[in-house]
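Asker: One predicted model, sequence on top.
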Amino acid sequence: MRHQSATANELARIAELAGVPGETLMRLAERMERRELGAGEGFDGGDRFGVVLAGMLRADSGPLRPGDSFSGRVTAMTPATVASCERAVYDEIRERA
């Protein structure tokens, strides 16, 4: 199966990324891996930078909705789509912005 990344348009809707230049969002989107989760399915992002693209998730900190970012383990409350990348990649791309 071909790797499917996030898109810059999807990332532009993430609260933590508001105001990030489009070129930076495009570079970050290329490095983020998209994953579809079924209701009840868990995703352990470890220390990865993750974002909710669609659906509802639960984290230790509470519910997550589209536009929220996360790290660590999350569980889909509904069918959901997330995208994530290594935290070091995220930090490097944001530093260059």
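Answerer: Structure received. Residues are numbered from 1 along each chain as shown.
Asker: Now tell me which helix or strand of this protein has the poorest mean pLDDT.
Answerer: Taking mean pLDDT, DSSP states H and E as the measure, the helix or strand of the chain with the lowest value is helix 87-96, at a mean of 90.
Asker: Flag every buried residue along that helix.
Answerer: For helix 87-96, the neighbour count (16 or more other CB atoms under 10 Å) marks V89, Y90, I93 as buried. The C-beta positions use only the backbone N, C-alpha and C, and glycine is treated the same way.
Asker: Just name the closest of these to A15, please.
Answerer: Using CB to CB, Y90 is the member of these that lies nearest A15, at 14.7 Å.
Asker: Tell me who's in contact with the nearest residue to the closest one once chain neighbours are set aside.
Answerer: Spatial nearest neighbour of Y90, excluding adjacent residues (CB to CB, 6 or more residues apart in numbering): F49 at 3.8 Å. Residues near F49 by CB atoms under 8 Å, 6 or more residues apart in numbering: S69, S71, S84, C85, E86, R87, V89, Y90.
Asker: Mind jotting down where the helices sit in the chain?
Answerer: Applying DSSP state H to the chain gives helices spanning 8-11, 22-31, 87-96.
Asker: packing partners for the second one?
Answerer: Under the contact criterion of 3 or more CB pairs under 8 Å, 6 or more residues apart in numbering; DSSP states H and E, helix 22-31 touches helix 8-11, helix 87-96.
Asker: Adding distance to G62 as columns, could you present the ones you listed in CSV?
Answerer: Shown next, in CSV, are these (distance: least, CB to CB, whole Å):
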stretch, distance to G62
helix 8-11, 22
helix 87-96, 21
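Asker: Give me the below-cutoff pLDDT ranges for the protein.
Answerer: Along the chain, segments meeting pLDDT under 70 span 1-3, 97.
Asker: tell me the centre residue of it?
Answerer: The centre of the chain sits closest to V51, judged by CA atoms, centre = their mean, with a distance of 2.2 Å.
Asker: which strand residues sit across from that residue in the sheet?
Answerer: On the basis of DSSP bridges, V51 is bridged to S69, A83.
Asker: Contacts only, for it.
Answerer: For V51, the contacting residues are 6, 10-11, 14, 16-17, 32, 67-70, 82-84, by CB under 8 Å, 6+ apart.
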